[in-house]
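Chemist: return atomic coordinates for the entry below.
(one chain, ligands or ions: 1)
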Amino acid sequence: MAVDGSSAEFRRHGRAVVVGASLAGLRAAETLRERGFAGSLTVIGDEPYEPYDRPPLSKQVLLGRVPADGTALPRRRALDAHWRLGVAATGLDLAGKRVRLADGEEVGFDRLLIATGTRARPWIREEEAGLDGVFVLRTVDDAARLARRLDAGPRRVLVVGAGFTGSEVASACRERGLEVTVAERGPAPLVGALGGVVGEVAAELHRRHGVDLRCCITVTALGGDAAGRLRRAHLSDGTALDVDVAVIALGALRNTEWLAGSGLAAGPRGIACDAGCRAFDIHGIVTDDIFVAGDVARSPHPLFGYQFLSLEHWGNAVAQAEVAAHNMTSAGPDRRPHLWVPTFWSAQFGVNIKSVGVPTMGTELAVTQGSLTERRFVAAYGCQGRVIAAVAFDQARWLDFYQRLIESAAPFPPDFPTVDRRPGGLRTVPADFPDPALPSHGPTVTLSGYSPSEQRITFTPARA
Ligand SMILES: Cc1cc2nc3c(=O)[nH]c(=O)nc-3n(C[C@H](O)[C@H](O)[C@H](O)COP(=O)(O)OP(=O)(O)OC[C@H]3O[C@@H](n4cnc5c(N)ncnc54)[C@H](O)[C@@H]3O)c2cc1C
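Modeler: Here you go, the predicted structure:
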């Protein structure tokens, strides 16, 4: 039964549909029930599994400490939901308020949450990607296959791309005692996410742990034997490597293709929505019954110049899903904005890396605590005279303090005494991010708004 537009009516008898049965989808479904939503709840997911957690896949699972099927997300409550797992949503009828499924069925909704996330960017040539020994890492099946292959003791693993996932894979391989080469197009690991200064520290971490790190290098081709097994990788410097495992870690693609022609503002950069998680249509008008959350969303943030941020961060998926579910069940004045300050963590080579804010907006950087050479520090990023982000290597406990600086637009360089600041005063250096127009392994934060000094999108109107 379709309900009228009233939120109270929706809470009692409405039909809520969630597409994407992972972190954001599950947390949104739980929040709907927590907020007293008593109507019908359908959760649609193309993976055949109950929602599971992805961060352990590149960490504990690759190290063999947790089985790939042991990463189910904990449930906060019983859901009373109709789960449609193992079937993809293939289309959206905005006017008719229906989601089309791959099995031909259609599911009607009064309010819809889209949380279809991202998938791993595949290797550039399909026939090479199909060689036995070439892997990506996004799903529980990917992790199980890769962990099994690492158990078999390959002679050398090639990691293509030294972003967070690539670096974590390299770290797990070294911890297992495997020979690893990392090929990175940029000048250092993590450079797209944290800039060249911190990237140099990451490079040192790789080398100290025995990684054969090749920067400013691309892999041009993968070659196999007659049986279709990966044997060799060709590099842009003309050399070749004998490898029997290659992990392609070239960033992620947003799962928006199923919305083509739906009329929603969905594309390769994600689904645009307002700070209340309501999706925009292609005319830039906000919808009132379609909500977006997690890795697939891009939304404006007042703290960061109203730029549209696309975040591939675990914490963002949870926080945005909760706000989306709150707003799905609330009347206009009670709705809340999603004003989460981005935070991200990674564990690699025995170091805990954590960031807060949007480092990629930083033009300058100052080490405010500890030292880069000891690989134990906090660095603050500055943008137009204010603190915009901070990153900590093995110093995460200080990041709440830096978060408050970001939230209060504190001046950069920071003008306060800090614990463990080294003599010689505070030196400000360029943060040294690569030109975002050049393809890289994909930073975890993509800025895609309109800053007057930095217009990266050319608008081509449709022909009449
Ligand atoms: C290996 C790995 C390590 C990570 N480590 C960290 C970390 O250390 N720290 C951190 O902050 N973040 C980390 N992340 C990122 C974090 O896991 C994501 O931010 C989070 O999973 C996003 O959740 P989501 O629900 O938005 O999207 P996803 O988890 O991508 O889920 C989307 C779901 O929707 C499904 N789907 C897609 N299209 C359709 C369709 N048409 N119909 C139905 N279902 C569909 C997908 O198959 C998937 O199940 C890591 C990610 C990976 C892959």
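
Chemist: who in the protein is up against the ligand?
Modeler: 19-25, 44-47, 54-55, 57-58, 88-89, 115-118, 137-138, 165, 255, 258, 294-295, 312-315, 317, 344-346 (CB under 6 Å from any ligand atom). All C-beta atoms are positioned from the backbone trio N, CA, C, and that covers glycine.

Chemist: which of those residues fall in helices?
Modeler: If you go by DSSP state H, the residues of the chain next to the ligand have Leu23, Ala24, Gly25, Thr165, Trp314, Gly315, Ala317 in helices.

Chemist: by neighbours, which of those wins?
Modeler: Ala24 (32 neighbours; other CB atoms under 10 Å).

Chemist: tell me the contacts of Gly267?
Modeler: Thr256 (CB atoms under 8 Å, 6 or more residues apart in numbering).

Chemist: so where's this protein uncertain?
Modeler: 1-5, 419, 422-425, 436-464 (pLDDT under 70).

Chemist: per-domain residue ranges of it.
Modeler: 2-117+255-334, 121-252, 350-429 (the TED database).

Chemist: so what touches stretch 404-412?
Modeler: 303, 341, 356-357, 364, 366, 380-383, 385-390, 414, 428.

Chemist: got the end-to-end distance for that stretch?
Modeler: From its first residue to its last, stretch 404-412 covers 13 Å (CA to CA, to the nearest Å).

Chemist: just the buried subset of the residues of the chain next to the ligand, please.
Modeler: Among the residues of the chain next to the ligand, those classed as buried by 16 or more other CB atoms under 10 Å are 19-25, 44-47, 54-55, 57-58, 88-89, 115-118, 137-138, 165, 255, 258, 294-295, 312-314, 317, 344-346.

Chemist: returning to what we had before: so of the residues of the chain next to the ligand, which ones are in strands?
Modeler: Those of the residues of the chain next to the ligand mapping onto strands are Val19, Ile44, Gly45, Ala89, Thr118, Phe344, Trp345, Ser346, per DSSP state E.

Chemist: ranges for the strands of the stretch 1-150 of the chain?
Modeler: For the stretch 1-150 of the chain, the strands defined by DSSP state E, counting those that start in this stretch cover 15-19, 40-45, 82-85, 89-93, 98-101, 106-108, 111-114, 118-120, 134-135.

Chemist: within the sheet, what are the partner strands of the shortest one, with directions?
Modeler: For strand 134-135, the pairing partners within the sheet under DSSP bridges are strand 245-248 (parallel).

Chemist: with the second one instead?
Modeler: Strand 40-45 pairs in its sheet with strand 15-19 (parallel), strand 82-85 (parallel), by DSSP bridges.

Chemist: using a markdown table, lay out the ones you listed together with distance to Gly186.
Modeler: Below are the strands paired with strand 40-45 laid out as a markdown table (distance: least, CB to CB, whole Å):
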| stretch | distance to Gly186 |
| --- | --- |
| strand 15-19 | 34 |
| strand 82-85 | 38 |
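
Chemist: out of those, nearest to Asp432?
Modeler: strand 15-19 (39.4 Å; CB to CB).

Chemist: got a list of contacts for stretch 188-201?
Modeler: With contacts defined as CB under 8 Å, 6+ apart, stretch 188-201 is touched by 162-164, 166-167, 182, 184, 186-187, 202-203, 205-206, 213, 215, 344, 355, 359-360, 362, 365, 372, 375, 377, 379, 381, 391, 393, 429-434, 440-445.

Chemist: now, these that are in strands?
Modeler: 182, 184, 213, 215, 344, 355, 365, 377, 379, 381, 391, 393, 429-430, 445.

Chemist: what residue in the stretch 151-300 of the chain comes nearest to the ligand?
Modeler: Gly294 (2.1 Å; CB to the nearest ligand atom).

Chemist: got a list of what that residue touches?
Modeler: Here Gly294 is in contact with Gly20, Ser22, Leu23, Ala24, Gly25, Ala115, Gly117, Asn316, Ala317, Gln320, Ala321 (criterion: CB under 8 Å, 6+ apart).

Chemist: my read: the fourth one touches Ile114, true?
Modeler: No: look at Ala24 against Ile114 with CB atoms under 8 Å: they stay out of range, at 9.2 Å.

Chemist: which neighbours do the two share?
Modeler: In contact with both Ala24 and Ile114: Ala293, using CB under 8 Å, 6+ apart.

Chemist: send the alpha carbons of the longest helix along the chain over as PDB?
Modeler: Ranked by number of residues, the top helix in the chain under DSSP H is helix 191-208. In PDB, the C-alpha atoms belonging to helix 191-208 read as follows (Å, rounded to 0.1, in the frame of the first residue of the first chain):
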ATOM      1  CA  VAL A 191      50.600  10.300  -2.400                       C
ATOM      2  CA  GLY A 192      47.100  10.700  -3.800                       C
ATOM      3  CA  ALA A 193      45.600  10.600  -0.400                       C
ATOM      4  CA  LEU A 194      48.200  12.300   1.800                       C
ATOM      5  CA  GLY A 195      50.600  14.200  -0.500                       C
ATOM      6  CA  GLY A 196      54.300  13.800  -1.300                       C
ATOM      7  CA  VAL A 197      55.700  14.700   2.100                       C
ATOM      8  CA  VAL A 198      53.900  12.000   4.000                       C
ATOM      9  CA  GLY A 199      54.200   9.800   0.900                       C
ATOM     10  CA  GLU A 200      58.000   9.800   1.400                       C
ATOM     11  CA  VAL A 201      57.500   8.500   4.900                       C
ATOM     12  CA  ALA A 202      55.300   5.700   3.500                       C
ATOM     13  CA  ALA A 203      57.900   4.900   0.900                       C
ATOM     14  CA  GLU A 204      60.500   4.500   3.600                       C
ATOM     15  CA  LEU A 205      58.200   2.200   5.500                       C
ATOM     16  CA  HIS A 206      57.800   0.000   2.400                       C
ATOM     17  CA  ARG A 207      61.600  -0.200   1.900                       C
ATOM     18  CA  ARG A 208      62.500  -0.800   5.500                       C
END
